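Asker: Here is a sequence together with a model predicted from it:
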Amino acid sequence: MTRTALSLFAIAAAGLAAPATAQDESAYCASAFYAADLDLDGLLNLDELTAARDGVFESLDANEDGSISRDEYVTCEQGGFDARLARTAGRLAEGGTEALDAMWSNIAGDEDTVSREDFMASAQAAYEGNRDAEDRAWSHPYLGAADDEDLSELSIEQFAASSAFTFETTDRDGNDVMSRDEWLARAEQLEVTADQINHRFDALDANADDALDADELGRRFIDVTGDAAEDATVPVFDYYFMRNAQ
Ligand SMILES: [Ca+2]
Ligand SMILES: [Ca+2]
Ligand SMILES: [Ca+2]
(Lines give C-alpha, C1' and ligand atoms only; values in the text may rest on other atoms or scores of the structure.)
(Ligands and ions follow the chains in the order given, each with its own letter.)
Protein backbone atom coordinates (compact mmCIF):
# COMPACT_ATOMS: atom_id res chain seq x y z
CA MET A 1 0.00 0.00 0.00
CA THR A 2 1.38 3.41 -0.89
CA ARG A 3 1.75 6.22 1.61
CA THR A 4 -1.11 8.04 -0.11
CA ALA A 5 -3.38 5.05 0.23
CA LEU A 6 -2.32 4.64 3.84
CA SER A 7 -2.97 8.24 4.73
CA LEU A 8 -6.32 8.28 2.95
CA PHE A 9 -7.25 5.07 4.72
CA ALA A 10 -6.28 6.62 8.03
CA ILE A 11 -8.44 9.65 7.29
CA ALA A 12 -11.37 7.48 6.28
CA ALA A 13 -10.93 5.31 9.35
CA ALA A 14 -11.03 8.39 11.53
CA GLY A 15 -14.39 9.25 10.03
CA LEU A 16 -13.16 12.51 8.54
CA ALA A 17 -13.67 13.78 5.03
CA ALA A 18 -10.48 13.63 3.03
CA PRO A 19 -9.18 17.15 2.45
CA ALA A 20 -9.15 18.35 -1.15
CA THR A 21 -5.38 18.65 -0.85
CA ALA A 22 -4.26 15.52 0.94
CA GLN A 23 -0.63 15.69 2.07
CA ASP A 24 1.88 13.24 0.69
CA GLU A 25 5.44 14.44 0.33
CA SER A 26 6.29 11.77 -2.26
CA ALA A 27 3.57 13.25 -4.48
CA TYR A 28 5.49 16.50 -4.85
CA CYS A 29 7.95 15.01 -7.35
CA ALA A 30 5.01 13.60 -9.31
CA SER A 31 2.98 16.79 -9.52
CA ALA A 32 5.17 19.86 -8.83
CA PHE A 33 2.55 20.88 -6.29
CA TYR A 34 2.47 20.69 -2.52
CA ALA A 35 -0.59 21.80 -0.61
CA ALA A 36 0.38 24.19 2.15
CA ASP A 37 -3.04 25.56 3.09
CA LEU A 38 -3.91 22.79 5.52
CA ASP A 39 -7.01 24.42 6.98
CA LEU A 40 -8.22 25.55 3.55
CA ASP A 41 -8.91 29.10 4.70
CA GLY A 42 -7.19 30.71 1.71
CA LEU A 43 -4.37 32.02 3.91
CA LEU A 44 -0.91 30.64 4.61
CA ASN A 45 0.48 31.11 8.09
CA LEU A 46 4.05 30.46 9.20
CA ASP A 47 3.24 27.01 10.55
CA GLU A 48 1.66 25.96 7.24
CA LEU A 49 4.56 27.38 5.21
CA THR A 50 7.13 25.70 7.47
CA ALA A 51 5.33 22.35 7.23
CA ALA A 52 5.20 22.67 3.44
CA ARG A 53 8.90 23.50 3.26
CA ASP A 54 9.75 20.49 5.39
CA GLY A 55 7.54 18.18 3.34
CA VAL A 56 9.02 19.35 0.06
CA PHE A 57 12.54 19.13 1.51
CA GLU A 58 11.89 15.50 2.42
CA SER A 59 10.68 14.66 -1.08
CA LEU A 60 13.63 16.43 -2.74
CA ASP A 61 16.22 14.78 -0.49
CA ALA A 62 16.00 11.41 -2.19
CA ASN A 63 18.94 9.82 -0.38
CA GLU A 64 17.86 11.28 2.97
CA ASP A 65 21.27 12.73 3.85
CA GLY A 66 19.79 16.03 5.02
CA SER A 67 20.97 17.99 2.00
CA ILE A 68 19.51 18.53 -1.46
CA SER A 69 22.05 18.02 -4.22
CA ARG A 70 21.64 19.62 -7.62
CA ASP A 71 20.92 16.22 -9.13
CA GLU A 72 18.22 15.47 -6.55
CA TYR A 73 16.64 18.86 -7.17
CA VAL A 74 16.64 18.68 -10.95
CA THR A 75 15.40 15.07 -11.05
CA CYS A 76 12.45 15.71 -8.73
CA GLU A 77 11.42 19.07 -10.18
CA GLN A 78 11.73 17.85 -13.77
CA GLY A 79 9.54 14.84 -13.00
CA GLY A 80 6.86 17.00 -11.44
CA PHE A 81 6.86 19.56 -14.21
CA ASP A 82 6.88 16.95 -16.96
CA ALA A 83 3.86 15.15 -15.51
CA ARG A 84 1.97 18.37 -15.10
CA LEU A 85 2.89 19.64 -18.55
CA ALA A 86 1.81 16.35 -20.13
CA ARG A 87 -1.67 16.80 -18.70
CA THR A 88 -1.75 20.41 -19.88
CA ALA A 89 -0.61 19.47 -23.37
CA GLY A 90 -3.47 17.03 -23.70
CA ARG A 91 -5.96 19.70 -22.76
CA LEU A 92 -4.39 22.25 -25.10
CA ALA A 93 -4.54 19.75 -27.96
CA GLU A 94 -8.27 19.37 -27.35
CA GLY A 95 -8.88 23.10 -27.65
CA GLY A 96 -6.38 24.11 -30.31
CA THR A 97 -5.25 27.60 -31.25
CA GLU A 98 -8.80 28.85 -31.63
CA ALA A 99 -9.51 28.16 -27.98
CA LEU A 100 -6.25 29.82 -26.93
CA ASP A 101 -7.14 32.87 -28.98
CA ALA A 102 -10.51 33.15 -27.28
CA MET A 103 -8.93 32.76 -23.86
CA TRP A 104 -6.52 35.62 -24.50
CA SER A 105 -9.45 38.03 -24.70
CA ASN A 106 -10.54 36.87 -21.26
CA ILE A 107 -7.06 37.40 -19.87
CA ALA A 108 -6.00 40.67 -21.47
CA GLY A 109 -8.87 42.12 -23.46
CA ASP A 110 -7.43 44.13 -26.35
CA GLU A 111 -3.92 44.32 -24.90
CA ASP A 112 -0.98 42.43 -26.41
CA THR A 113 0.71 41.79 -23.06
CA VAL A 114 -0.26 41.08 -19.48
CA SER A 115 2.00 41.41 -16.44
CA ARG A 116 2.33 38.67 -13.85
CA GLU A 117 0.62 40.95 -11.36
CA ASP A 118 -2.36 41.58 -13.63
CA PHE A 119 -2.59 37.92 -14.60
CA MET A 120 -2.71 36.77 -10.99
CA ALA A 121 -5.16 39.52 -10.07
CA SER A 122 -7.51 38.51 -12.86
CA ALA A 123 -7.10 34.85 -11.89
CA GLN A 124 -8.10 35.68 -8.32
CA ALA A 125 -11.11 37.66 -9.54
CA ALA A 126 -12.10 34.75 -11.77
CA TYR A 127 -11.80 32.30 -8.88
CA GLU A 128 -13.85 34.45 -6.57
CA GLY A 129 -16.46 35.02 -9.27
CA ASN A 130 -16.76 31.31 -10.04
CA ARG A 131 -16.04 29.52 -6.81
CA ASP A 132 -19.65 28.46 -6.41
CA ALA A 133 -20.21 27.56 -10.04
CA GLU A 134 -20.93 23.87 -10.59
CA ASP A 135 -18.83 23.54 -13.71
CA ARG A 136 -15.43 25.19 -13.87
CA ALA A 137 -14.30 23.74 -17.17
CA TRP A 138 -10.60 23.17 -17.82
CA SER A 139 -10.78 25.65 -20.68
CA HIS A 140 -10.82 28.44 -18.19
CA PRO A 141 -7.58 30.25 -19.08
CA TYR A 142 -6.05 29.99 -15.63
CA LEU A 143 -6.63 26.27 -15.26
CA GLY A 144 -4.47 24.93 -18.05
CA ALA A 145 -2.49 22.81 -15.65
CA ALA A 146 -4.95 22.00 -12.93
CA ASP A 147 -3.95 18.98 -10.91
CA ASP A 148 -7.35 17.87 -9.82
CA GLU A 149 -9.53 15.70 -12.02
CA ASP A 150 -12.69 17.24 -10.61
CA LEU A 151 -12.16 20.93 -11.31
CA SER A 152 -15.25 21.93 -9.36
CA GLU A 153 -13.44 20.67 -6.26
CA LEU A 154 -10.33 22.82 -6.70
CA SER A 155 -9.25 24.64 -3.58
CA ILE A 156 -8.25 28.27 -3.85
CA GLU A 157 -4.65 27.14 -3.38
CA GLN A 158 -4.81 24.67 -6.25
CA PHE A 159 -6.36 27.37 -8.40
CA ALA A 160 -3.66 29.89 -7.42
CA ALA A 161 -0.89 27.34 -7.98
CA SER A 162 -2.32 26.42 -11.38
CA SER A 163 -2.53 30.07 -12.35
CA ALA A 164 1.09 30.66 -11.34
CA PHE A 165 2.14 27.51 -13.17
CA THR A 166 0.31 28.66 -16.30
CA PHE A 167 2.12 31.98 -16.14
CA GLU A 168 5.55 30.41 -15.52
CA THR A 169 5.29 27.99 -18.40
CA THR A 170 3.97 30.60 -20.83
CA ASP A 171 6.29 33.51 -20.02
CA ARG A 172 9.07 31.84 -21.96
CA ASP A 173 11.61 34.67 -21.71
CA GLY A 174 10.96 35.06 -17.99
CA ASN A 175 10.50 38.85 -18.03
CA ASP A 176 7.34 38.65 -15.88
CA VAL A 177 5.24 39.80 -18.81
CA MET A 178 3.21 37.36 -20.89
CA SER A 179 2.70 38.33 -24.51
CA ARG A 180 -0.10 37.26 -26.78
CA ASP A 181 2.47 35.52 -28.98
CA GLU A 182 3.80 33.55 -26.02
CA TRP A 183 0.24 32.58 -25.12
CA LEU A 184 -0.65 31.42 -28.62
CA ALA A 185 2.58 29.38 -28.77
CA ARG A 186 1.67 27.44 -25.62
CA ALA A 187 0.55 24.35 -27.46
CA GLU A 188 3.93 24.01 -29.24
CA GLN A 189 6.33 25.30 -26.61
CA LEU A 190 5.07 23.72 -23.44
CA GLU A 191 8.12 22.58 -21.53
CA VAL A 192 10.24 23.37 -18.52
CA THR A 193 13.87 22.86 -19.42
CA ALA A 194 16.72 21.60 -17.25
CA ASP A 195 18.29 25.04 -17.69
CA GLN A 196 15.28 26.69 -16.07
CA ILE A 197 15.34 24.24 -13.17
CA ASN A 198 19.09 24.68 -12.70
CA HIS A 199 18.53 28.43 -12.69
CA ARG A 200 16.02 28.00 -9.85
CA PHE A 201 18.49 25.86 -7.96
CA ASP A 202 21.20 28.50 -8.36
CA ALA A 203 18.82 31.21 -7.16
CA LEU A 204 18.08 29.20 -4.00
CA ASP A 205 21.68 28.11 -3.34
CA ALA A 206 22.66 31.26 -1.44
CA ASN A 207 26.13 30.07 -0.38
CA ALA A 208 26.82 28.48 -3.79
CA ASP A 209 28.00 25.14 -2.40
CA ASP A 210 25.90 23.19 -4.91
CA ALA A 211 23.54 21.90 -2.20
CA LEU A 212 20.40 23.22 -0.53
CA ASP A 213 19.71 23.21 3.17
CA ALA A 214 16.32 23.87 4.76
CA ASP A 215 16.96 27.60 5.15
CA GLU A 216 17.87 27.97 1.48
CA LEU A 217 14.84 26.00 0.34
CA GLY A 218 12.77 28.05 2.80
CA ARG A 219 13.29 31.13 0.66
CA ARG A 220 10.62 29.76 -1.67
CA PHE A 221 8.23 29.11 1.20
CA ILE A 222 8.86 31.36 4.14
CA ASP A 223 10.92 34.38 3.15
CA VAL A 224 8.18 35.38 0.74
CA THR A 225 6.21 36.53 3.78
CA GLY A 226 8.91 39.15 4.38
CA ASP A 227 9.60 40.40 7.87
CA ALA A 228 6.05 39.84 9.00
CA ALA A 229 5.38 38.79 12.56
CA GLU A 230 5.14 35.10 13.36
CA ASP A 231 1.37 35.21 13.47
CA ALA A 232 1.13 36.88 10.06
CA THR A 233 -0.63 35.18 7.18
CA VAL A 234 -0.30 35.62 3.45
CA PRO A 235 -3.23 35.12 1.05
CA VAL A 236 -2.54 32.14 -1.19
CA PHE A 237 -2.86 34.19 -4.37
CA ASP A 238 -0.29 36.69 -3.09
CA TYR A 239 2.00 33.83 -2.13
CA TYR A 240 1.96 32.15 -5.53
CA PHE A 241 2.19 35.54 -7.21
CA MET A 242 5.32 36.51 -5.24
CA ARG A 243 7.08 33.19 -4.94
CA ASN A 244 8.57 33.03 -8.40
CA ALA A 245 8.54 36.73 -9.30
CA GLN A 246 11.81 38.00 -10.71
CA1 LIG B 1 -4.44 28.30 5.94
CA1 LIG C 1 20.41 14.41 -0.52
CA1 LIG D 1 23.80 25.87 -0.40
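Answerer: That came in fine, so what should we check first? Ligands and ions are numbered 1, 2, ... in the order given.
Asker: Which strand or helix spans the spatially most central residue of the chain?
Answerer: Nearest to the geometric centre of the chain sits residue 161, at 3.5 Å (CA atoms, centre = their mean). Using DSSP states H and E, residue 161 sits within helix 156-170.
Asker: Next, the residue nearest to residue 82 when sequence neighbours are not counted: secondary structure please.
Answerer: Ranked by CB to CB, 6 or more residues apart in numbering and with sequence neighbours excluded, the top spatial neighbour of residue 82 is residue 192, at 7.6 Å. From N, CA and C alone the C-beta is placed, and that goes for glycine too. Using DSSP: H, G, I helix; E, B strand; the rest coil, the three-state assignment for residue 192 comes out as coil.
Asker: Which pLDDT value goes with residue 192?
Answerer: Looking at residue 192, its pLDDT is 82.
Asker: now residue 138
Answerer: 48.
Asker: likewise residue 11?
Answerer: pLDDT, residue 11: 33.
Asker: Equivalent analysis for the one 3 residues further on, please.
Answerer: Looking at residue 14, its pLDDT stands at 33.
Asker: cool, and residue 53?
Answerer: 93.
Asker: Could you do residue 29 as well?
Answerer: So residue 29 comes in at 91 (pLDDT).
Asker: Can you tell me the SS state at it?
Answerer: helix.
Asker: Nearest residue to it in space, please, no chain neighbours.
Answerer: residue 76 is the one closest to residue 29 (CB to CB, 6+ apart), at 4.0 Å.
Asker: go on, residue 30?
Answerer: residue 83 is the one closest to residue 30 (CB to CB, 6+ apart), at 5.7 Å.
Asker: so who does the one you found touch?
Answerer: Residue 83 makes contacts with 30, 31, 32, as judged by CB atoms under 8 Å, 6 or more residues apart in numbering.
Asker: Could you identify which of these has the most neighbours?
Answerer: residue 32 (23 neighbours; other CB atoms under 10 Å).
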